[in-house]
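Participant: what's the 3D shape of this:
(chains A and B)
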Amino acid sequence: MTFKRKLLSLAAALPAAALLTAAPADAHRRWLLPSATVLSGDSELVTVDAAASNGLFLFEHRPLGLDSLTIVGPDGQPVEPKVIGSGDYRSVFDLPLTQQGTYRIALANDGVMGFYMLNGERQRWRGSRAEIETAIPAEATEVRISENAGRTETFVTLGAPSDDALQPTQRGLEMIPVTHPNDLVTGEPAQMRFLHNGQPAANMEVEFVKGGTRYRDTPGVQTLTTDADGMVELLVEEPGYYYVEAGTQSDAADDPQIDSRRASYTAVLEFLPL
Amino acid sequence: MKASYFLAASGLVAAPSMAAGIDLSIEIPRLQVAEYHKPYVAVWIEDDGRKAVANLDVWYDTDMRGGEGEKWLSDMRLWWRRAGRSLDMPVDGVSGPTQGPGTHEVSYTEGRRPLGDLKPGKYTLVVEAAREVGGRETVSIPFQWPPQRAQTLSGEGDSELRAIKLTLKP
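Facilitator: Numbers count the residues shown, from 1 in each chain, chains lettered A, B, ... in the order given. Presented below is the predicted three-dimensional model:
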């Protein structure tokens, strides 16, 4: 049985960059909001909210699950959070900071999603790549399978910023900060580089939205496009927490098991005034 | 603390032993607020590339248990970014306890910590104050080193700091 029902492939002939098209906007923004990003002292603690919402940074829709929470400490090793729990609108965890340097806090999801028709009804399935063969009935038709890599993250630093936690995972879409993510200030351009499975995510739209949407009439979305090297440069005039979002979708001509690949990335960055 | 030595007999004001240096006076205002905490204050010198070349003073809650007072050092945002975050606190001869309202005088001698040796050039002295449940303010005074003659430069804050006077001694 083959699950591949591909639209035959003009696409395969096109260069990879041209295949990266913006993924359809997810209904809600996903974010991890830390209580502080720049901290001093021998040890400290940040508390982090995890939620999906439209307004930033408002608790109004649903909590984010913390099953895939991964925190990398300044030494590159995992750090255990203290999970407080989930309410109807947000999840909360505390993160003790005992080492000096930068922590990368991420919810990273990696899985596949299948859509198919069975007995005249539309079905949806979510799981892992290994389960594809067994999870989708043989008599299913119009099978479409996409691989989804999603990353939602933020960064905090105790003491001087460091880079060990910021190394690319090479999976999905990710931001590799050029300007350190905890050294962002108003009036100085912040440079960031986006990678898709470790390669520059060229010519991709990246959205930046300042928090506080409730208190303004405009959406305040600033869209930048990455260059050939996956770079964007953002100049912020107003301090605050900013939400970053990007997504790609591409055909998976090279992969017999899946039809398309999607990758999404969201982050919260704090810009401080000097 | 300012120490002035006069050689009364000879009438010489500047003895050869008086090295070049900087006198600084920092005025912390008395504020009518419901909850007052003495501000954290940092004093440093930047070169014309904004690089901190001398950390002169950091006044904070040095006597709190377990270094707890270091928690609010990053509220002095500019100092924290330019210098503080890469220092291992406390720093001998730089860290000191917080000071209350009034005018505080400090002196630094060339060739000695914490001022050390400044290469000839353009510099800026920066004083930054941040107060718990209060505000934050920085006052910057540009100067040229070494001074050709004794010279007093001044700056003025309007919220967390008042008169800042920088006296350069050749």
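
Participant: what about the residue sitting furthest away from the middle of chain A, distance to A:Glu139?
Facilitator: Distance from the centre of chain A peaks at A:Asn119, with 35.8 Å (C-alpha atoms, centre = their mean). From A:Asn119 across to A:Glu139, the span is 8 Å (C-beta to C-beta, to the nearest Å). Where C-beta positions appear, they are placed from N, C-alpha and C, glycine not excepted.

Participant: hang on, the earlier thing: quick check: pLDDT value at the residue farthest from the centre of chain A.
Facilitator: Listed pLDDT for A:Asn119 reads 91.

Participant: can you tell me how far it sits from A:Thr98?
Facilitator: Distance, A:Asn119 to A:Thr98, using C-beta to C-beta: 56 Å.

Participant: What of A:Glu44?
Facilitator: Separation of A:Glu44 from A:Thr98 (C-beta to C-beta) stands at 9 Å.

Participant: higher neighbour count, those two?
Facilitator: The neighbour comparison of A:Glu44 against A:Thr98 (other C-beta atoms under 10 Å in any protein chain shown) goes to A:Glu44, with 19 against 12.

Participant: The residue in the stretch 101-250 of chain A positioned nearest to chain B is in what secondary structure piece?
Facilitator: At 4.5 Å from chain B, A:Ala160 is the closest residue in the stretch 101-250 of chain A, using C-beta to the nearest C-beta. Using DSSP states H and E, A:Ala160 maps to neither a helix nor a strand.

Participant: Any regions of chain B where pLDDT drops low?
Facilitator: Counting by pLDDT under 70, chain B shows low-confidence ranges at B:1-18.

Participant: which residues does the most centrally placed residue in it form a beta bridge with?
Facilitator: Using C-alpha atoms, centre = their mean, the residue of chain B that lies closest to the mean C-alpha position is B:Val43, 3.3 Å off. Per DSSP bridges, the residues bridged to B:Val43 are B:Asp57, B:Val127.

Participant: wait, isn't it in contact with B:Leu115?
Facilitator: No. B:Val43 is not in contact with B:Leu115 according to C-beta atoms under 8 Å; the separation is 10.7 Å.

Participant: so what sits against both of those two?
Facilitator: B:Leu56 (C-beta atoms under 8 Å, 6 or more residues apart in numbering or on different chains).

Participant: tally of neighbours for B:Pro90?
Facilitator: B:Pro90 has 15 neighbours, counted by other C-beta under 10 Å.

Participant: contacting residues for it?
Facilitator: Residues in contact with B:Pro90 (C-beta under 8 Å, 6+ apart) are B:Thr62.

Participant: For stretch A:38-55, measure first residue to last.
Facilitator: End-to-end distance of stretch A:38-55 (C-alpha to C-alpha, to the nearest Å): 24 Å.

Participant: Which parts of that stretch count as buried, going by neighbours?
Facilitator: A:38-42, A:44, A:46, A:48-53 (16 or more other C-beta atoms under 10 Å in any protein chain shown).

Participant: Quick check: residues of the stretch 151-274 of chain A near chain B?
Facilitator: Within reach of chain B by C-beta under 8 Å from any C-beta of the partner chain, the stretch 151-274 of chain A has these residues: A:159-161, A:183, A:185, A:272-274.

Participant: any idea how far B:Arg77 is from the nearest residue to A:Ser162 once chain neighbours are set aside?
Facilitator: Of all residues not flanking A:Ser162 in the chain, A:Gly101 sits nearest, at 3.5 Å (C-beta to C-beta, 6 or more residues apart in numbering or on different chains). From A:Gly101 across to B:Arg77, the span is 19 Å (C-beta to C-beta).

Participant: And for A:Arg104?
Facilitator: From A:Arg104 to B:Arg77 the distance is 23 Å (C-beta to C-beta).

Participant: neighbour count winner among those two?
Facilitator: Set A:Arg104 next to B:Arg77 and count neighbours by other C-beta under 10 Å: A:Arg104 wins out with 23 against 19.

Participant: Can I take it that that one is in a strand?
Facilitator: Yes. Counting by DSSP: H, G, I helix; E, B strand; the rest coil, A:Arg104 is located in a strand.

Participant: tell me the contacts of it?
Facilitator: With C-beta under 8 Å, 6+ apart as the criterion, the residues that contact A:Arg104 are A:71-72, A:153, A:155, A:165-166.

Participant: between those residues, which is nearest A:Leu224?
Facilitator: A:Glu153 (18.6 Å; C-beta to C-beta).

Participant: for the chain, what spans make up the helices?
Facilitator: The chain I'm using is chain A. With DSSP state H as the criterion, chain A has helices at A:16-19, A:132-135.

Participant: that's the wrong chain, I meant chain B
Facilitator: Using DSSP H, the helices of chain B run over B:77-82.

Participant: how about the residues of it near chain A?
Facilitator: So far as C-beta under 8 Å from any C-beta goes, chain B lies against chain A at B:66-68, B:70-74, B:77-78, B:80-81, B:84-86.

Participant: Just the buried ones out of those residues, please.
Facilitator: Looks like the residues of chain B next to chain A have B:70-74, B:77-78, B:80-81, B:84-85 buried, using 16+ other C-beta under 10 Å.

Participant: one step back: can you tell me which of the residues of chain B next to chain A lies nearest to A:Ala228?
Facilitator: Among the residues of chain B next to chain A, B:Arg81 lies closest to A:Ala228 (C-beta to C-beta), at 31.7 Å.

Participant: In contact with the closest one, which residues?
Facilitator: If you count contacts by C-beta under 8 Å, 6+ apart, B:Arg81 has them with A:183, A:185, A:274.

Participant: wait, what's in contact with the second one?
Facilitator: Spelled out, it's A:Val185. Residues counted as contacts of A:Val185 (C-beta under 8 Å, 6+ apart) are A:239, A:271-274, B:81.

Participant: Let's see which of the residues you listed end up in strands.
Facilitator: Counting by DSSP state E, the part of the contacts of A:Val185 found in strands is A:Phe271.

Participant: Separate out the buried members of the contacts of A:Val185.
Facilitator: Using 16+ other C-beta under 10 Å as the burial test, the contacts of A:Val185 include A:239, A:271-272, B:81 as buried.

Participant: hey, where'd the strands end up in chain B?
Facilitator: Along chain B, counting by DSSP E, strands occupy B:21-28, B:40-47, B:52-60, B:95-97, B:102-109, B:121-130, B:136-145, B:151-156, B:163-169.

Participant: For burial, what's the neighbour tally of A:Thr141?
Facilitator: So A:Thr141, with other C-beta under 10 Å, has 11 neighbours.
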